[in-house]
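**Student:** one predicted model, sequence on top.
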Amino acid sequence: MKFVLSFLTVLAGFTPALAQATDATAPTPLEIWQEAPETVFSAQDTDLAAFEWLARPVVVFADSPNDPRFVQQMDLLAALPEELAVRDVVVITDTDPAAMSSTRTALRPRGFMLALIAKDGTVNLRKPFPWDVRELSRAIDKMPLRQQEIRDRR
């Protein structure tokens, strides 16, 4: 419950910035994310194509923000935000099936689903249950582009 309140606080802090994104001079969601990599985006406000080649979206779907699996997943992601930031991960949430966001239409979840999308836009992983940051990090670190990023940093 504590995380839900902090999640809503973070989301409320960035909602005005996301609303301004329709303005030509306002920052895009990606620019906001680059300034604060722990930012969580709503699927209704973002397009997966905006993150292509720049970030690895982790998309968390649920039928309700009160779904225990959704709450658990968000708690797990909030536990190690620095590990996600190192791997260029951005979190996108969709808890409103009636809204039929473009992300929901593309990935077609049934109830709760976690999807890891590579920087090239391909779906790398789909899970019907929560995963912790350690498991996500391992999956990301096995990706060829991530391995190249690690080599380039040396």
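**Tutor:** Done, it's in. Numbers count the residues shown, from 1 in each chain.

**Student:** could you use CA atoms for every contact and neighbour count after this?
**Tutor:** Fine.

**Student:** helix/strand/coil for the residue most central in space within the chain?
**Tutor:** Centroid check for the chain by Cα atoms, centre = their mean gives Val91 as the closest residue, at 1.5 Å. Using DSSP: H, G, I helix; E, B strand; the rest coil, the three-state assignment for Val91 comes out as strand.

**Student:** in the sheet, who's paired with it?
**Tutor:** Under the criterion DSSP bridges, Val91 forms beta bridges with Val40, Val58.

**Student:** that one and Val60 touch, don't they?
**Tutor:** Yes: contact criterion Cα atoms under 8 Å: Val91 and Val60 qualify, at 7.5 Å.

**Student:** one step back: distance check, the residue nearest to the centre of the chain against Ser102.
**Tutor:** Distance, Val91 to Ser102, by Cα to Cα, to the nearest Å: 16 Å.

**Student:** and for Pro68?
**Tutor:** Following Cα to Cα, the distance that separates Pro68 from Ser102 is 24 Å.

**Student:** Phe112 too?
**Tutor:** 17 Å.

**Student:** so between those two, which is more surrounded?
**Tutor:** Phe112 (21 against 15; other Cα atoms under 10 Å).

**Student:** show me what contacts the residue nearest to the centre of the chain?
**Tutor:** Shown in contact with Val91 (Cα atoms under 8 Å, 6 or more residues apart in numbering): 38-41, 57-60.

**Student:** can you spell out which helices and strands pack onto the host helix or strand of Ser137?
**Tutor:** Per DSSP states H and E: Ser137 is located in helix 133-141. Judged by 3 or more Cα pairs under 8 Å, 6 or more residues apart in numbering; DSSP states H and E, the packing partners of helix 133-141 are helix 68-79, helix 81-86.

**Student:** okay, the angle between it and helix 68-79?
**Tutor:** 80 degrees (axes from the mean of the first three to the mean of the last three Cα atoms, to 10 degrees).

**Student:** and the average pLDDT for the helix or strand following helix 133-141 is what?
**Tutor:** The helix or strand immediately downstream of helix 133-141 is helix 144-153, counting by DSSP H and E. Helix 144-153 carries an average pLDDT of 93.

**Student:** if you count neighbours, what's buried in helix 144-153?
**Tutor:** The neighbour-count check on helix 144-153 (16 or more other Cα atoms under 10 Å) flags Arg146 as buried.
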